[in-house]
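Undergrad: Sequence and predicted model, in that order:
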Amino acid sequence: MTKMKTTYLGHLHNEIEHLQSGTKITTDAPLDNHGLGQSFSPTDLFASSLSCCMLTIIGISAESYGFDITGTTVDTEKVMNENPRRVGELKLTVNLPEGKNYTDQQKRLIESAIKTCPVGRSLNPDIKVDITFNY
């Protein structure tokens, strides 16, 4: 079981520590919600966790089938709803490295792997998720 510790630092800043590794990250409230925008907001981390999870699951699939996705990036756009304030939409663009010439089977593996992403499976179904792949 993974454990984290979150500490409020004041002025809408938090520090999150991953207890097993000691790795720390900080958050700040966004500019449009009383913050300074000096770091990821909690909803930025929420949105980014989907892209990280997707890349991890695609990476596991690629390694299992003997091909490489190193250099793949995901551009993530978070769209907030106002009433109530919550994440309403996530727009993700998966950019595979140029020149890799993935086969049709590899592309199917990449695109189907994200369906097993635990973060994606945990999202509220009211959140619209739009995913585009660039090969």
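TA: Arrived safely, thanks for sending. Residues are numbered from 1 along each chain as shown.
Undergrad: C-alpha from now on. contacts and neighbour counts both.
TA: Fine.
Undergrad: Can you tell me the element Lys78 falls in?
TA: strand 73-82 (DSSP states H and E).
Undergrad: Please list the outside residues in contact with that strand.
TA: For strand 73-82, the surrounding residues in contact (C-alpha atoms under 8 Å, 6 or more residues apart in numbering) are 44, 47-48, 51, 55, 86-96.
Undergrad: Okay, now the sheet partners of that strand, with direction.
TA: strand 85-95 (antiparallel) (DSSP bridges).
Undergrad: from the middle of its chain, how far away would the strand it pairs with be?
TA: 9 Å (C-alpha atoms, centre = their mean, to the nearest Å).
Undergrad: Could you list the buried residues of it?
TA: Buried residues in strand 85-95, defined by neighbour count with 16 or more other C-alpha atoms under 10 Å: Val87, Gly88, Glu89, Leu90, Lys91, Leu92, Thr93, Val94, Asn95.
Undergrad: What's the first helix or strand after it?
TA: helix 104-113.
Undergrad: Would you tell me what the next helix or strand after that following helix is?
TA: Following helix 104-113 toward the C-terminus (DSSP H and E): helix 118-122.
Undergrad: what's that following helix packed up against?
TA: When contacts are defined as 3 or more C-alpha pairs under 8 Å, 6 or more residues apart in numbering; DSSP states H and E, helix 118-122 packs onto helix 42-64.
Undergrad: helices or strands up against the helix it packs on?
TA: Partner elements for helix 42-64 (3+ C-alpha pairs under 8 Å, 6+ apart): strand 73-82, strand 85-95, helix 104-113, helix 118-122.
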